[in-house]
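> sequence and predicted structure are below.
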Amino acid sequence: MNKQIKIFLAGHRGLVGSAILKRLEAEGYTNLLLRTHAQLDLTRQAEVEAFFEKERPEMVVLAAAKVGGIVANSTYPADFLFENLAIAQNVIHSAYLTGVKKLINLGSSCIYPRMAPQPLKEEYLLTGPLEVTNEAYAVAKIAAIRLCKHFNDQYGTNFISAMPTNLYGPGDNYDLKNSHVLPAMIRKFHEGKVGGEPVVLWGDGSPLREFLYSEDLADAVVFLLENKNYSEIGEFINVGSGKEISIRDLAGLVSRVVGYTGKVQWDTSKPNGTPRKLMDSQRLFNLGWTPHVDLEEGLKRVYQDFLKLEKSQK
């Protein structure tokens, strides 16, 4: 693919976007359109349309989203639904209006029903009720998938939707008020190590989760951008590691990486979330892509990133 092609990467400062930016630059792409939230508010239709009309990107990677864990999703459901819907409809519609050649729309594994069969196959979408603790976010992501599908069907666009599993990596959000389970664990175990206090974790540790290193997702995005079209992908495609671990075992792994040797207390008055969530990524594997970074190695890298962040804030 022409390395001078103009690519708009929406959300380049986030966990996912920063990894994709790093990968695109490493692959030699130099004509990258990047805007901060202050420069371009993707929830504002007029701003987004004016940006696309002026810049005319040839490809788009939609990695921008309002994200958070169980606490954030449960506390701010209206914000999660509205902002993610607005971002998706504005970017996807503007991409259509200005003739974008290819768009990669990134979603989340939370689109699947709470009690869907495991591992989660693409055809299980909309076959049952969603997990209530992140329903608002999931509804927005499902709408984005369908928006891409219907633009493809009605107007012949080439908009691909990819659904990553639970992600972690450098630049993650470690704020306990709105972070996901893995970065929250890293902070809790680090603070427990420094302060000598027991670590309290939500639920009973039984749920099973799958994790993918953010740089592996970035590799998958560039793979799809360079090699695949909607006609080969279909409505959307899963992007996962194919491996799962219980939250209890994850806590043990994080504690070893961090070097925490104290007690772990499980607060069973707090929700567990979805009992199990493993994605079937065989379709993507069959197309020629596989992840490279295993969970323990990824955690070691992330903890070093966390320590650098802590040091910079002192």
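Received the coordinates, thanks.
> partners of the helix or strand containing V200, with directions?
Assigning secondary structure by DSSP states H and E places V200 in strand 199-202. Paired with strand 199-202 in the same sheet, following DSSP bridges, are strand 264-267 (parallel).
> mind listing what's buried in the strand holding V200?
Across strand 199-202, burial judged by 16 or more other C-beta atoms under 10 Å covers 199, 201-202. Bear in mind the C-beta positions are built from the backbone N, C-alpha and C, glycine included.
> okay, it in PDB with CA atoms only?
Taking C-alpha atoms only, strand 199-202 is exported to PDB below (Å, rounded to 0.1, in the frame of the first residue of the first chain):
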ATOM      1  CA  VAL A 199      -5.400  -5.600  48.300                       C
ATOM      2  CA  VAL A 200      -9.200  -5.600  48.000                       C
ATOM      3  CA  LEU A 201     -10.700  -6.800  44.600                       C
ATOM      4  CA  TRP A 202     -14.200  -6.900  43.400                       C
END
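> contacts made by that strand with the rest, please.
With C-beta atoms under 8 Å, 6 or more residues apart in numbering as the test, strand 199-202 has contacts from 70, 185, 188-189, 192, 247, 251, 255, 260, 262-267, 270-272.
> which of these fall in helices?
70, 185, 188-189, 192, 247, 251, 255 (DSSP state H).
> list just the nearest of those to G156.
I70 (39.8 Å; C-beta to C-beta).
> next, the contact list for the residue nearest to K193 when sequence neighbours are not counted, please.
Leaving aside its chain neighbours, K193 sits nearest to Y260 (4.4 Å; criterion: C-beta to C-beta, 6 or more residues apart in numbering). Contacts here follow C-beta under 8 Å, 6+ apart; on that basis Y260 touches 189-190, 192-193, 199.
> picking up where we left off before, run the chain-centre distance for the strand holding V200.
Offset of strand 199-202 from its chain centre (C-alpha atoms, centre = their mean, to the nearest Å): 24 Å.
> helix or strand next in line after that strand, which one?
strand 208-213.
> what packs against that next one?
strand 166-168, strand 244-246, helix 247-258, strand 276-277, helix 295-312 (3 or more C-beta pairs under 8 Å, 6 or more residues apart in numbering; DSSP states H and E).
> which pLDDT does the model give Y213?
With respect to pLDDT, Y213 has a value of 98.
> quick one, what contacts the residue lying closest to K300 once chain neighbours are set aside?
Spatial nearest neighbour of K300, excluding adjacent residues (C-beta to C-beta, 6+ apart): V257 at 5.7 Å. Contacts for V257 (C-beta under 8 Å, 6+ apart) come out as 296, 299-300, 303.
> for D280, same thing?
Per C-beta under 8 Å, 6+ apart, neighbours of D280: 119-122, 238, 240.
> how about these in TSV, adding pLDDT, neighbour count and secondary structure?
As requested, the contacts of D280 are exported to TSV (pLDDT from 0 to 100; neighbours: other C-beta atoms under 10 Å; DSSP: H, G, I helix; E, B strand; the rest coil):
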residue	pLDDT	neighbour count	secondary structure
P119	96	18	coil
L120	96	24	strand
K121	97	16	coil
E122	98	21	helix
N238	98	23	strand
G240	97	29	coil
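> S214 against G14, yeah?
No - between S214 and G14 there is no contact, the gap being 9.4 Å when judged by C-beta atoms under 8 Å.
> counting neighbours, go ahead and name the busier of these two.
With neighbours defined as other C-beta atoms under 10 Å, S214 and G14 compare such that S214 has more, 27 against 19.
> what residues are up against the more buried one?
Counting by C-beta under 8 Å, 6+ apart, S214 has contacts 15-16, 18-19, 167-172.
> which one of the ones in helices among the contacts of strand 199-202 is nearest to K311?
F189 (17.3 Å).
> and the closest one, how many neighbours?
Count around F189 with other C-beta under 10 Å applied: 23.
> show me the contacts for it.
Per C-beta under 8 Å, 6+ apart, neighbours of F189: 199, 251, 254-255, 258, 260.
> reformat those residues as JSON lines; add distance to Y112.
Converted to JSON lines, the contacts of F189 look like this (distance: C-beta to C-beta, whole Å):
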{"residue": "V199", "distance to Y112": "30"}
{"residue": "A251", "distance to Y112": "24"}
{"residue": "V254", "distance to Y112": "25"}
{"residue": "S255", "distance to Y112": "29"}
{"residue": "V258", "distance to Y112": "31"}
{"residue": "Y260", "distance to Y112": "33"}
